[in-house]
Structures are given as structure tokens and as C-alpha cells.
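Student: quick one, what's the 3D model for this:
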Amino acid sequence: MTDMTGRTAGPARPRSLLLLFLSLVVFVILMGLGTWQVQRLYWKEGLLDTIDKRTHSAPLPLADVEKQFASTGDVDYTPVTVTGTFLHQGERDFFATWEGDSGFNVYTPMQLDDGRFVLVNRGFVPYDLKDPAKRQKGEVAGRVTVTGLARNPLPGKPSMMLPDNDIAKNIFFWKDRDAMAASAGLPAGAVLVPFFIDADKTPNPGGLPVGGVTIIDLPNNHLQYAVTWYGLAAALAAVLILRLRRPAKEG
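Tutor: Sure, this is the predicted structure:
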């Protein structure tokens, strides 16, 4: 049906209004995503600056790092030195990749001189060398000193997409410090340092585990993402403007 001017009447206008409304909703969402990425950019830049400053500082005694953790709850990437004895029979294996190979990061309890324990990520071993019997040279005995980076414990499972830890098979897909300690065969009443330590790249006997596996070069693509979302919002706005102006020109 047409009116006297020859223009289509009926449901066309309601459809146009619905299209306009939906487009505005999408525009707001795109702008929101872009702004969120800008906020993430500032956060990531701050994190990278903190990591750079901490990793280039001198290692601290464990007691100083513990004071920092008690005060701020954050010791991530802080260099630290500890001395104690490894309990290799209690090592926990965290599924990981290193230089393109799949395998495990070996978390081994270290008993400190004061009787407490700390979980030390000694480094990476290939998948087929998960069994410690296949890399006995690396099972160092006696009192040792390790320098590495303190790592914060995780408050919980990072993502629902991750599999649950298979404690029976000693395969951890996320670093559950309490579960690692509880399944490591530590003596009853054992007191655990409240964070992990990632050992540095000092070679272990036999070459395994390979230390220094802490990832410090974190990707920072948030600016690209922000430009993408804002660009899509601008393109949508341009299309809407052209669409809204076209009927006026045709009239």
C-alpha cells in the first residue's frame, strides 16, 4: 500500500525504528568494549612496569619477602633466595609447555632450616620424563640454595575452561597451592610459606628440570583491541548516519 506521494506505508517505519534502536544498542556495546580495552591497557602497562622493576632488583631474603606479602598480599616476580632441602618424593607436576614442547613444571617441596616448607617450581621437564626415575641426576640431595622469583598463590581456579586437577595422577592444570601441599606427603602440621618460588635458570645436574621458565614477557594487545572496537563503532555510526539521511534526500 502506498500513500499519495508514492511512498510505502505500513510497517516500514516501525521496522526502521527497531533497526535504529538495535543499532544504537550495538554502538553502545562496541564503545563499552573499546573503553574496557583502554582500561586494560593502562592496567597491563602498569603490570609490565612493575614486573620490569622487580625482576631487575636484587634478590631478597625470604623473611623480607614474607613481610612484603603480609603487608600487601603481592610479591609476584620479586627476586628471593631460599636455602633448604628438597623433598623430591613430594614433587607435584603442573602441565605446561616450554619452547614448543609439552610437559610439566616440577613443583618440589623444600624444607627450610626453620622447619617450614615452600613449594619451589624447579622448572620444566618433557612429557615423557615426568617420572623422576628417568631424571635422577636432577634430584639433588642435601642442603641447597635456590634463587628465583616469588609468585602469588591463586585465589581460585582461573577459568572454568581449565580441567580439574587430577591429584591421583599428580597432574595439575592450575596451581592450587593448598592441594599441591596436601598431596605432597608433608608431615602432619607442616607450615607452608604462603607463596610459590620459581627457580631461576641456574642449570640442574643432568640438565633437568630446566629452570627459569617464568613468563615475564606478557602480551599487550589491548591498544589494537581498543582501536578495533572503536573502529567498528565508528563504522556503524557512519552507516546509521547515511541510512537516516537517505530518506530526506529521496523526499
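Student: now do the strands in the stretch 1-150 of the chain.
Tutor: 60-61, 78-86, 92-98, 101-112, 117-126, 143-151 (DSSP state E, counting those that start in this stretch).
Student: so which elements touch the shortest one?
Tutor: Using 3 or more Cβ pairs under 8 Å, 6 or more residues apart in numbering; DSSP states H and E, the elements in contact with strand 60-61 are strand 78-86. For glycine as for every other residue, the C-beta is placed from the backbone atoms N, C-alpha and C.
Student: count the residues that sit near residue 151.
Tutor: Residue 151 has 20 neighbours, counted by other Cβ atoms under 10 Å.
Student: thought it was touching residue 194?
Tutor: No: using Cβ atoms under 8 Å, residue 151 is not in contact with residue 194; the gap is 11.1 Å.
Student: show me what the lowest-mean-pLDDT helix or strand in the chain is packed against.
Tutor: Least confident element among the helices and strands of the chain, by mean pLDDT, DSSP states H and E: helix 222-250 (a mean of 80). Packing partners of helix 222-250 (3+ Cβ pairs under 8 Å, 6+ apart): helix 12-55.
Student: point out the most buried one among the strands of the stretch 1-150 of the chain.
Tutor: Stretch with highest mean neighbour count among the strands of the stretch 1-150 of the chain: strand 117-126 (a mean of 24; mean count of other Cβ atoms under 10 Å).
Student: nearest the geometric middle of the protein, what residue?
Tutor: residue 158 (7.8 Å; Cα atoms, centre = their mean).
Student: per-residue confidence for it?
Tutor: Per-residue confidence (pLDDT) for residue 158: 91.
Student: surely it is within a strand?
Tutor: No: membership of residue 158 in a strand is not supported by DSSP: H, G, I helix; E, B strand; the rest coil, which gives coil.
Student: return the distance of it relative to residue 59.
Tutor: 27 Å (Cβ to Cβ, to the nearest Å).
Student: verify the stated contact: residue 126 with residue 100.
Tutor: No: using Cβ under 8 Å, residue 126 makes no contact with residue 100, being 11.1 Å away.
Student: distance between stretch 138-151 and the chain's centre?
Tutor: Distance of stretch 138-151 from its chain centroid, counting by Cα atoms, centre = their mean, to the nearest Å, is 24 Å.
Student: residues contacting it, please?
Tutor: Applying Cβ atoms under 8 Å, 6 or more residues apart in numbering, the contact partners of stretch 138-151 are 54-55, 59, 65, 69, 75-86, 88, 110, 120-122, 132, 195-200, 202, 204-209, 211, 214.
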